[in-house]
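Enquirer: how would this look folded up:
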Amino acid sequence: MMFSSSFFRFTPVVVAVFLFLLTSDALSRSSKWDDLKEIKGEVTSVVDGDTIKIKTKEVVEGVAEEKVYKVRLLGIDTPETNYMGQSQGHWGDQASQYLTNKLPIGQKVKIEFGVQKIDRYGRLLGHVWKGKTHVNRLVLSKGLAVNYCIYPEVKYCKDFALVTRDNISRKKGFYSDSDFVIPYEWRRVVSERPYEKYVGSLFTEIVYEPDQVETIPVSDRIFFFEREDVQPPFRLEDMIWFLLN
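Expert: As a prediction, the model looks like this:
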């Protein structure tokens, strides 16, 4: 196929317009949730131990429509069942099966939103409630998830940290397996990525460089994507050293 010179001359413009449209679509998808603190729906499927799909009824231009959304449970991280073609074996299967048993198809749930309501993958982010049962915490309490607190989503983080401490001390769930690697660390190794997130303690509120992750006990960790994300009461360890010297 032959292309005229005008194709190449205007390609940057076309690309710019295309990127603008993509960005506009992403913004419109996220802005519709801005004023919502929660939504209600019915479970349509369980994707894995920390992700489900729900359907909701929405009114679009005066017409009631059913919408299906993928929901990522905030504050926890369960073993992978399919990440870059690999899985964490029976622990991933156990977490998925446990959530499937607790949230059968048709189960009515409430999604309590956090600060960020939708992620870059288009998933809703929230705490799932089945009546008065906090499903995120329930999965965590069985030793089938590790707490995974990422700023600014700090609600429930200290409670989840204490649950995880108890699981570790009692060797509950996958903490009974000396060969098990916690999910977010396992993904980092599989994808051959360096340490990327700043890591702090929920209790001392001191934050360290990404490669200092082992400085903080697993249960006490809170992660920050960027240095600029570290806001009071959290403070960077190097800034404390600077102030003291």
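Enquirer: Could you pull out the helices in the chain for me?
Expert: Per DSSP state H, the chain carries helices over the ranges 5-31, 90-102, 135-141, 157-170, 183-190, 237-244.
Enquirer: can you list the residues that contact the fourth one?
Expert: Contacts made with helix 157-170 from outside it, assessed by C-beta atoms under 8 Å, 6 or more residues apart in numbering, are listed as 75-76, 136-137, 140-141, 143, 146-147, 149, 172-173, 175, 202-203, 217-220, 222. Backbone N, C-alpha and C define where each C-beta goes, glycine included.
Enquirer: quick one, what contacts the most centrally placed residue in the chain?
Expert: Residue closest to the average C-alpha location in the chain (C-alpha atoms, centre = their mean): residue 74, at 5.2 Å. Contact analysis of residue 74 by C-beta under 8 Å, 6+ apart lists 114, 125-127, 136, 153, 156.
Enquirer: mind redoing it with 7 Å?
Expert: Contact analysis of residue 74 by C-beta atoms under 7 Å, 6 or more residues apart in numbering lists 114, 125-127, 136, 153.
Enquirer: cool, and residue 76?
Expert: 50, 136, 139-140, 145, 147-148 are the contacts of residue 76 under C-beta under 7 Å, 6+ apart.
Enquirer: Show me how to select, in ChimeraX, the buried members of the residues you listed.
Expert: In ChimeraX, a selection of the buried entries from the contacts of residue 76 looks like this (16 or more other C-beta atoms under 10 Å):
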select :50,136,139,140,145,147,148
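Enquirer: Same list, the contacts of residue 76, but as TSV with pLDDT and distance to residue 190 please.
Expert: Shown next, in TSV, are the contacts of residue 76 (pLDDT from 0 to 100; distance: C-beta to C-beta, whole Å):
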residue	pLDDT	distance to residue 190
50	98	17
136	98	24
139	98	22
140	98	23
145	98	18
147	98	21
148	98	17
